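1. turn this into a model:
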Amino acid sequence: MDETLRTLVSTEVFSVWFLAGAALVFWMQAGFAMVEAGFTRAKNTGNILMKNLMDFCIGTVVFILIGYGLLMGEDLAGFIGKPGFDLFTSYSGFDYSAFVFNLVFCATTATIVSGAMAERTRFLSYCIYSAVISALIYPIEAHWIWGGGWLAQLGFHDFAGSCAIHMVGGISALIGAKMLGPRIGKYQKDSDGRIVKVNAIPGHNITFGALGCFILWVGWYGFNGAAAVSVPQLGSIFLTTTIAPSAATVACMIFTWIRYGKPDVSMCMNASLAGLVAVTAGCDVTDAFGSFVIGTVAGLLVVFGVWLLDSVLHIDDPVGAVAVHCCNGIWGTIAVGLFATDSAPAYAIADSSGTALRGLFCGGGFKLLGIQLTGVFTVAFWTAVTMTAVFLLIRAVFGLRVSREEEQLGLDITEHGLASAYAGFAMIPEYIEEGPVPFTAAVPVYAGSEPVPVHVKKEPSAGTPKISKIEIICREAYVEPLKNALVNIGITGMTITHVLGCGAQKGKPEYYRGVATEASLLPKVQFDIVVSKVPVRAVIETAKKVLYTGHIGDGKIFVYDVENVIKVRTSEEGYDALQDVE
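-> Next comes the predicted model:
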C-alpha cells in the first residue's frame with residue numbers, strides 16, 4: 001500500500017512538473033525576444049518583438065490544425081503521424097499536457113530563425129515561414145525522433161532537441177539569411193564587387209541581450225528537465241544543464257581575451273546559449289565530465305561559427321543564431337555518440353533489438369555514434385531541402401526582403417507604423433506656465449509700423465568683455481563635478497545635453513563579435529555655456545582641472561565668438577542678457 005501511494009504521489013508530482021517545465025519553455029520566448037532586440041538596432045525593436053510574439057501565436061493555430069497530428073499521431077510507415085482532430089472531436093479523452101508540451105517546443109524551433117533574418121525581412125513573409133515550419137517541417141522530422149518514427153526505432157537519441165529543434169532552426173536560419181543577403185553596410189566591396197571588408201554593426205542594448213541570456217538559461221531547466229521521470233534523473237539533468245553552458249562561457253571568454261585582447265561580452269552570451277544547445281540532446285545520458293567537454297567545445301565552436309559566417313561565407317547573422325543553434329545543435333547530437341554513459345540515472349538508450357548502446361568514449365564502440373550521425377544527416381537534408389523550397393516560393397510570390405528605403409528607416413515605422421519602441425524616452429513639449437506679466441508687456445509692441453519697445457537695450461560700457469560660447473564634451477560621470485565647479489566660478493546658467501561621440505584610438509582597434517570596429521558611438525555629455533563677465537580662460541582652466549585623468553577620452557573644449565544674446569522674456573540683449581546667469 002505504501003509503495004502504491006508513493007508511486008501515485010510521484011506520478012502526480014512529475015505530471016505537474018511536466019506542465020511547469022512547459023511553462024518555462026514558453027517563458028523562453030521572452031528570452032529570445034530580448035537577445036534579438038538587444039543585439040540589433042533600436043529602429044527594429046518593435047518588429048522583433050512582434051515576430052517573437054507571432055511565432056508562438058501563429059504556431060499555436062497551425063499546430064492545432066495539422067502539426068500535432070503529424071508529430072504525435074498514429075505512426076504511418078515511420079515517416080509521419082496520422083493527422084487528426086481529436087482535440088475537437090474527443091476533447092474529454094485528449095492528452096492536454098502532451099499537446100501543450102509539444103507546442104512550446106514547436107514555437108522555439110520557429111523563433112530561432114528570427115534573429116538571423118532580423119532587420120531586413122518582410123513581416124508578411126516571416127509570418128508565412130513561421131506557419132509552414134510549425135505546421136509541416138518541424139512536426140514531420142520531430143515525429144521521426146519523438147513520435148515513434150524510424151529514427152526512434154533505430155535508437156537515435158535526442159532527449160530535448162539539439163537536433164530536432166536547434167539544428168533544424170539553425171539550418172533554416174542559415175538558408176533564410178543567405179537568401180536575404182546582408183544588411184546594408186555590413187560588407188564593403190571593391191570596384192569589382194568583391195567583399196574586401198566586414199563591418200561591425202553593434203547591437204543597441206547589450207543589457208537586453210544579457211537579460212535574454214539569463215531568461216533562456218532559466219527556461220532551459222524546463223526545456224531539458226521537463227521530461228524527467230525521477231528525482232535522480234532530474235537532478236542529473238539540472239547538473240549537466242549547468243556545467244555545459246558554464247564551461248562554454250569560460251572557454252569563450254579565455255579565447256576572445258587572447259584573440260582580441262579583451263573578453264567579448266556578446267560572444268560570451270552566445271557561448272552560454274551554445275553550451276545549453278549542445279548539452280540538450282544528451283543532458284540525460286552524460287555525466288559531469290562529458291557535459292564539461294561538450295560545453296568547452298561549444299564555447300570555441302560558437303566563436304568559429306560567427307567568424308565563418310562573417311568572414312568566409314559572408315552571411316549576415318546579427319545575433320549569431322546559426323553559430324549557436326546550427327553548429328552546436330549538430331555538435332550536441334553527435335556528442336551523444338561519444339559521451340553517453342550508463343552511469344547516468346534512468347539510462348535507456350537501446351537499438352531496435354533492445355541492446356543497450358553507449359558512447360564511443362564510454363566503451364560503447366561506434367554503433368551509437370553511427371546512429372547519431374545518420375540522424376544528423378537525414379534531418380539536415382530534410383530541413384535544407386524543404387526550407388529552401390519554402391523560402392524560394394515566398395520570395396517569388398510575396399518577396400522576402402524589404403526595400404532599401406524601408407531598411408534604412410527601420411522596420412518599426414515601415415512595417416508597423418511604430419515611430420519608436422522607446423516612445424517614452426522621446427522629447428516631448430514642456431508645459432509652460434503663464435508668466436507674471438503678459439507677453440505684450442515684456443516685448444516690443446508694434447503700433448502701426450513703429451516698434452514701441454518695453455525694454456531698451458543697454459549698450460555695454462567701454463571695456464565690457466566680449467561674448468563667448470564654451471562647449472565642453474566630457475564623460476557622463478563628470479556631470480556633477482563639472483557643474484559644481486562652474487557654479488563656483490560664477491556661472492549659474494548652462495545647457496547640458498546627452499550626445500553620442502564617434503571615435504577610435506589609432507593603433508588600438510576594438511572588436512565586436514570578432515570584427516574590428518574602427519569607430520564606435522559612445523555616450524557623452526555636452527556643456528554649452530555663454531559668458532561675458534566671467535573670463536573664458538577661467539572656464540577652460542576649471543574644466544581642465546575637473547576632467548583631466550591623462551587617459552584617452554578626457555574630453556574636448558571648444559570656444560566660439562558670439563555675435564549677440566537676446567533674452568526672450570525681457571528683450572535684453574548682449575552683456576545685459578547674461579547678467580542673471582554669471
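2. okay, stretch 334-346 in PDB with CA atoms only?
-> Provided in PDB are the C-alpha atoms of stretch 334-346 (Å, rounded to 0.1, in the frame of the first residue of the first chain):
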ATOM      1  CA  ILE A 334      27.000  13.800 -32.300                       C
ATOM      2  CA  ALA A 335      28.300  14.200 -28.800                       C
ATOM      3  CA  VAL A 336      25.700  11.700 -27.500                       C
ATOM      4  CA  GLY A 337      27.500   9.100 -29.600                       C
ATOM      5  CA  LEU A 338      30.800  10.000 -27.800                       C
ATOM      6  CA  PHE A 339      29.800  10.600 -24.200                       C
ATOM      7  CA  ALA A 340      26.600   8.700 -23.400                       C
ATOM      8  CA  THR A 341      27.200   6.700 -20.300                       C
ATOM      9  CA  ASP A 342      25.100   4.200 -18.400                       C
ATOM     10  CA  SER A 343      26.200   5.700 -15.100                       C
ATOM     11  CA  ALA A 344      23.600   8.400 -15.700                       C
ATOM     12  CA  PRO A 345      20.300   7.800 -13.800                       C
ATOM     13  CA  ALA A 346      17.400   6.200 -15.800                       C
END
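3. which positions within it qualify as buried?
-> 334-341, 344-345 (16 or more other CB atoms under 10 Å). Bear in mind the C-beta positions are built from the backbone N, C-alpha and C, glycine included.
4. got it, and stretch 534-545?
-> For stretch 534-545, by 16+ other CB under 10 Å, it's 534, 536, 539, 542-543.
5. any idea which of the buried residues of stretch 334-346 is the one closest to Ala396?
-> Ranked by distance to Ala396 (CB to CB), the buried residues of stretch 334-346 are led by Ile334 at 35.5 Å.
6. give me the element that closest one is part of.
-> When secondary structure is defined by DSSP states H and E, Ile334 falls within helix 328-339.
7. show the average pLDDT along that helix.
-> Regarding helix 328-339, the rounded mean pLDDT is 98.
8. what does stretch 97-115 give?
-> 95.
9. ok, stretch 201-214 next?
-> Mean predicted lDDT for stretch 201-214 stands at 95.
10. need the CA coordinates for it. CSV is fine.
-> C-alpha atoms of stretch 201-214 as CSV (Å, rounded to 0.1, in the frame of the first residue of the first chain):
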residue,chain,number,x,y,z
ILE,A,201,27.0,46.7,-36.6
PRO,A,202,26.8,46.6,-32.8
GLY,A,203,23.5,45.9,-31.1
HIS,A,204,21.8,48.8,-29.4
ASN,A,205,21.2,47.4,-26.0
ILE,A,206,23.6,44.8,-24.5
THR,A,207,21.6,44.9,-21.3
PHE,A,208,18.6,43.4,-23.1
GLY,A,209,20.9,40.7,-24.5
ALA,A,210,22.1,39.8,-21.0
LEU,A,211,18.6,39.7,-19.7
GLY,A,212,17.5,37.4,-22.5
CYS,A,213,20.5,35.2,-21.9
PHE,A,214,19.6,34.7,-18.3
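11. pull the helix or strand with minimum mean pLDDT from this structure.
-> In the chain, no helix or strand scores lower on mean pLDDT, DSSP states H and E than strand 445-447, which sits at a mean of 43.
12. does anything pack onto the strand or helix carrying Leu300? Which helices or strands?
-> Assigning secondary structure by DSSP H and E places Leu300 in helix 288-307. On a contact count with 3 or more CB pairs under 8 Å, 6 or more residues apart in numbering; DSSP states H and E, helix 288-307 meets helix 231-260, helix 265-280, helix 328-339.
13. quick one: which of those is nearest Arg401?
-> Comparing the helices and strands packed on helix 288-307 by their distance to Arg401 (CB to CB), the top pick is helix 265-280, with 24.7 Å.
14. next one: that closest one to chain centre, how far?
-> Centroid separation for helix 265-280 versus its chain: 13 Å, with CA atoms, centre = their mean, to the nearest Å.
15. elements contacting it?
-> Using 3+ CB pairs under 8 Å, 6+ apart, the elements in contact with helix 265-280 are helix 206-225, helix 231-260, helix 288-307, helix 328-339.
16. want to throw those helices into a markdown table with distance to Lys524?
-> A markdown table is the format used below for those (distance: least, CB to CB, whole Å):
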| stretch | distance to Lys524 |
| --- | --- |
| helix 206-225 | 18 |
| helix 231-260 | 25 |
| helix 288-307 | 30 |
| helix 328-339 | 39 |
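17. most tightly surrounded among the ones you listed?
-> Highest mean neighbour count of those: helix 328-339, a mean of 28 (counted as mean count of other CB atoms under 10 Å).
18. which residues touch the helix or strand hosting Leu486?
-> According to DSSP H and E, Leu486 maps onto helix 479-488. The set of residues external to helix 479-488 that reach it, using CB atoms under 8 Å, 6 or more residues apart in numbering, is 472, 474, 494, 496, 525, 527, 529, 539, 542-543, 545-547.
19. pull out the buried residues from that helix.
-> 482-483, 485-486.
20. helices of the stretch 351-500 of the chain, residue ranges please.
-> Along the stretch 351-500 of the chain, counting by DSSP state H, counting those that start in this stretch, helices occupy 367-397, 404-409, 411-416, 479-488.
21. list just the nearest of the contacts of helix 479-488 to Ala160.
-> The nearest member of the contacts of helix 479-488 to Ala160, counting by CB to CB, is Val525 at 48.2 Å.
22. and that closest one, what element?
-> Val525 is part of strand 520-531 when elements are defined by DSSP H and E.
23. whatever helix or strand comes next after that strand versus strand 520-531: what angle between them?
-> Using DSSP H and E, the next helix or strand after strand 520-531 towards the C-terminus is helix 536-547. Using axes from the mean of the first three to the mean of the last three CA atoms, to 10 degrees, the direction of helix 536-547 lies 140 degrees away from that of strand 520-531.
24. angle of helix 536-547 against helix 479-488?
-> Between helix 536-547 and helix 479-488, the angle comes out at 150 degrees (the same axes, to 10 degrees).
25. what are the contacting residues of helix 536-547?
-> The contact list for helix 536-547, computed with CB under 8 Å, 6+ apart, reads 468, 470, 472, 474-475, 478, 481-482, 485-486, 488-489, 491, 527, 529, 531, 554-555, 557, 559.
26. so for that helix, mean pLDDT?
-> Helix 536-547 comes out at a mean pLDDT of 93.
27. only whichever of the contacts of helix 536-547 are buried, select them in ChimeraX.
-> To isolate the buried members of the contacts of helix 536-547 in ChimeraX, using 16+ other CB under 10 Å:
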select :468,470,472,474,475,478,482,485,486,491,527,529,531,555,557
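28. in this structure, which helix is the longest?
-> Scanning the chain for the helix with the most residues, using DSSP state H, yields helix 2-38.
29. the stretch 1-150 of the chain: helices as residue ranges?
-> Taking DSSP H, counting those that start in this stretch to define them, one finds helices in the stretch 1-150 of the chain at 2-38, 45-62, 68-72, 86-89, 96-116, 123-132, 138-146, 150-154.
30. so how far is the first one from its chain's centroid?
-> Right, the one you point to is helix 2-38. Using CA atoms, centre = their mean, the offset of helix 2-38 from its chain centre is 24 Å.
31. same question, the second one
-> Using CA atoms, centre = their mean, the distance from the centre of helix 45-62 to the centre of the chain it belongs to is 15 Å.
32. who's in contact with that helix?
-> 26, 29, 32-33, 36-37, 40, 67, 103-104, 106-107, 110-111, 114, 118, 123, 126-127, 130-131, 134-135, 204, 410-412, 415-416, 418, 420-422.
33. now the residues you listed: which count as buried?
-> Neighbour counting with 16+ other CB under 10 Å marks 26, 29, 32-33, 36-37, 40, 67, 103-104, 106-107, 110-111, 114, 118, 123, 126-127, 130-131, 134-135, 204, 410-412, 415, 418, 421 as buried within these.
34. how near is Phe558 to Phe292?
-> Note on Phe558: its distance to Phe292, by CB to CB, to the nearest Å, is 55 Å.
35. same thing with Ile394?
-> Separation of Ile394 from Phe292 (CB to CB) stands at 42 Å.
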